[in-house]
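S.K.: Could you work out the structure for the sequence below:
(chains A and B)
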Amino acid sequence: MTTVIIVLGLLIYLILYFTYGKKLERDVVVASDDTEAPSKRLYDGVDYISARREVLFGHHFASIAGAAPIIGPALAICWGWVPGLLWVWFGNIFIGAVHDYLALMASVRYDGKSVQFVASDLIGKRTGTAFYWIVFFLLILVVAAFAAIVGGMFVKTPEIAAAYVWKIVAALILGVLLYRVKMNFVVATIIGIIMLCAAIWLGTLQGIPLSYTTWMWVFFFYIVIAAAIPVNVLLQPRDYLNSWLLYAGLLIGFIAAVFAFRGFEVPAFSSFSPVLLGGKPTPFWPAIPLIIACGSLSGFHSLVASGTTSKQLTKESDGLFIGYGAMFTEGFLSTIVMVSIAGFGYTALKNAGVTPETLIADNWGAMFTKASASVKMAAANLFVQSYADMVGSTWLGIIPTKVIKVIAGMWVASFAMTTLDTTNRLARYCVSEMALPLKDSATGLYNALTNRWVASVIPAAIGIWLAATGNWLIIWGSFGAANQLIASIALMTGAAFAAKKLKSSFANAAVIPAWILWVTVTAAILWFIIVVQPGAIAAKPGPGWTVMVILCVMLILNFVFIWDFIKSKAYKVE
Amino acid sequence: MIPFKNSNLLPVHGFKPCTGLTSTANHSMVLPILEFFKRILSDFDIAHRESAAALTGVEVKELENIFALLLLGSFIGLPSPPSFLAVELLPFMERELKVLNSRARDAGDMLAEMVGTIGIG
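M.R.: Below is the predicted model:
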């Protein structure tokens, strides 16, 4: 079954790319190589510069790939493997990839300007400004969600923590070799990879057993310090090592999924409303986009596509391969995760101590979340164990399971930690823009808020506090809401671009998913506020109210945005 | 300025058709396939290097902006270096001026570029 689903997934993606994708290219975007791309028209040798499409694909994919496509499916398995997989595939093909592709192409037609700028132009200035607020909230929630994921993983498997610390040492050494010693790049890379392997091996020898709270303190100082030191000292060499880990993880996972030849032990469908967010029955619609974000649809991708990718696209016909294709690749990554958990997740839970009396196919929806949390085998931990077991069941089993577990854990931790320390840099920019109205009326407050340290410590402090004290599933759901809200705005912008600017004959391929997404996300946030939040506030008032305020502000922004959208008649296909 | 994303700086191994090298049907099949995989590996290598360099590029950009402002800051009211020094350096600033102009144009629209460069997901 594992093999069948992987091959089927691959076929679906390939067929839809060459049929639906090409239709979008031809009839919605009307891509034409006769129109010169910004990389050529506005060439400046620095920002606007054309890159070969395969190279740009690699760039784009590295920027959009993160921990979220791994975590989402690991939670969505509570519905059974079919609903989650269907959302990954069809959400990805008809909404997520369309969103990425349209954001890229709208930006290309707008001289490489961002989707935020396009939204301001086509829908209204307020919609453009809303981006800063939603992104800022998203940064807080992403710090909280990812710190909690990594913290939980480090507590459950201290060897992963040790390996990660050794990897930081390796990255620091690599930084010295590259930038101080100025060693040959290839030689330094080989040494870096050897050090990465050594870090994994050393990690398996002796873990770092610290408490969850201690790890939260460590993460807070790590985020602040990592954002303050020059990027070439730690972040850049670490990211370089990370990308090797990403490709190794993907390759090993793909090979293992193809050769596992294993039936699925998780039920295909459990219930429409299994117990998930906040311990409440969580309906598949509208809640699914809050759970599976990046693997199916992510608003951040629109920013990546319209930030750097659009400035480097050589010609319009490359856009489909990069914007649409990279999203398919991420969906395929989620498919691998789903397959590994569907095939090996139940055994992993049983081996961790979940008894058959507690969790069987019949009560999967009601008990999965509770049972997996009780043995600390939820989300990332479940993926790490399932992935290691899947690899171990194939001829790749010659690699010790402990090593594979550390590799999988490092994979997730690397993505998550990269996100943690980059948020500060983005938050500082958002705060500066958000505080702009205060510049004249409250100069002192403006100066305080835009101070380098204040602006970057705010999201780190709130995020880590939420991670340390809040309910992780509540945080994850809120993170999904913020992410999908950005996606909703970006897809509406893409739809407006297709309908209003391009007057495409097939513009409804963008307009209809845009409406579906807006209604779904709005319903999901309303459901979250009404059903889930009261319990979360009663249990933990501090973090509960913080998340509540964020959700309410986002909901208001969402209605302001749709009002602007309707007023501008941007949806009207002409 | 350092064009950190300039793929032209890196060795690009383009796909070369194997005309004239194929004496048999097998060769005509095998060589293009090998070339195809060679090209994939080459592109993979370039993308990998450039992704790594992009992060350093953020800091380079910031330093370049500061350098350009040091020399041309008087336009926006910043104290300038002695005029003879600024004038002497001005001819070397042609490209910087162009890029500065383009960055000034996009200054209010930096969020997406930052997300694209730093990467988050």
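S.K.: what are the phi and psi values for residue A:348?
M.R.: phi -60, psi -40 (degrees, to the nearest 10).
S.K.: can you check the one 5 residues further on too?
M.R.: When read as degrees, to the nearest 10, the backbone of residue A:353 gives phi 120, psi 0.
S.K.: That one contacts residue A:375, doesn't it?
M.R.: Yes. Counting by Cβ atoms under 8 Å, residue A:353 does reach residue A:375; the two are 4.7 Å apart. C-beta here means a position set from N, CA and C on the backbone, and glycine is covered the same way.
S.K.: Looking only at neighbour counts, state which of these two leads.
M.R.: Using other Cβ atoms under 10 Å in any protein chain shown as the criterion, residue A:353 and residue A:375 rank with residue A:375 on top: 19 against 12.
S.K.: how close does residue A:293 sit to chain B?
M.R.: Separation of residue A:293 from chain B (Cβ to the nearest Cβ, to the nearest Å): 9 Å.
S.K.: which SS state does that residue fall under?
M.R.: coil (DSSP: H, G, I helix; E, B strand; the rest coil).
S.K.: And it, its phi and psi?
M.R.: phi -100, psi -90.
S.K.: what about residue A:280, how many neighbours?
M.R.: Residue A:280 - counted by other Cβ under 10 Å - has 19 other residues nearby.
S.K.: Equivalent analysis for the one 3 residues further on, please.
M.R.: The number of residues packed near residue A:283 is 18, by other Cβ under 10 Å.
S.K.: OK, contacts around it?
M.R.: Residue A:283 makes contacts with A:272, A:273, A:527, as judged by Cβ atoms under 8 Å, 6 or more residues apart in numbering or on different chains.
S.K.: filter these to the buried ones?
M.R.: A:273, A:527 (16 or more other Cβ atoms under 10 Å in any protein chain shown).
S.K.: Any regions of the chain where pLDDT drops low?
M.R.: Reading this off chain A. For chain A, the stretches with pLDDT under 70 are A:571-574.
S.K.: you looked at the wrong chain, it should be chain B
M.R.: B:1-28, B:75-76, B:80, B:119-121.
S.K.: Tell me where it has helices.
M.R.: B:25-72, B:83-89, B:94-106, B:111-118 (DSSP state H).
S.K.: can you check the stretch 1-150 of chain A too?
M.R.: A:2-16, A:22-23, A:38-41, A:53-64, A:68-76, A:81-86, A:97-109, A:115-122, A:125-156 (DSSP state H, counting those that start in this stretch).
S.K.: Next secondary structure after the biggest helix by length in chain A?
M.R.: Counting residues, the longest helix in chain A under DSSP H turns out to be helix A:401-434. Downstream of helix A:401-434, the first helix or strand assigned by DSSP states H and E is helix A:438-441.
S.K.: Tell me the buried residues in the helix or strand following that next one?
M.R.: Next helix or strand after helix A:438-441 toward the C-terminus (DSSP H and E): helix A:443-450. Neighbour counts over helix A:443-450 (16+ other Cβ under 10 Å) mark A:446, A:449, A:450 as buried.
S.K.: hang on, the earlier thing: next, the angle helix A:443-450 makes with the longest helix of chain A.
M.R.: 160 degrees (axes from the mean of the first three to the mean of the last three Cα atoms, to 10 degrees).
S.K.: buried residues in helix A:401-434?
M.R.: Quick answer for helix A:401-434 (16+ other Cβ under 10 Å): A:402-434.
S.K.: still on that earlier bit, quick check: which of the helices of chain B is nearest to residue A:476?
M.R.: helix B:111-118 (20.6 Å; Cβ to Cβ).
S.K.: so how far is that closest one from its chain's centroid?
M.R.: 15 Å (Cα atoms, centre = their mean, to the nearest Å).
S.K.: Ok, stretch A:127-144 next?
M.R.: For stretch A:127-144, the distance to the chain centre is 14 Å (Cα atoms, centre = their mean).
S.K.: So it, near chain B or not?
M.R.: Yes. With Cβ under 8 Å from any Cβ of the partner chain as the criterion, chain B is reached by stretch A:127-144 at A:131, A:132, A:135, A:142.
S.K.: and the helix or strand containing residue A:344 with helix A:125-156, angle?
M.R.: Element membership for residue A:344, per DSSP H and E: helix A:325-352. Relative orientation of helix A:325-352 versus helix A:125-156 (the same axes, to 10 degrees): 30 degrees.
S.K.: you'd agree residue A:509 is up against residue A:28?
M.R.: Yes. The criterion here is Cβ under 8 Å, and residue A:509 meets it with residue A:28 at 5.4 Å.
S.K.: Mind putting the helices of chain B into JSON lines with mean neighbour count and distance to chain A?
M.R.: What follows is the helices of chain B, written out as JSON lines (neighbours: other Cβ atoms under 10 Å in any protein chain shown; distance: least, Cβ to the nearest Cβ, whole Å):
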{"stretch": "helix B:25-72", "mean neighbour count": "16", "distance to chain A": "2"}
{"stretch": "helix B:83-89", "mean neighbour count": "11", "distance to chain A": "19"}
{"stretch": "helix B:94-106", "mean neighbour count": "15", "distance to chain A": "5"}
{"stretch": "helix B:111-118", "mean neighbour count": "25", "distance to chain A": "3"}
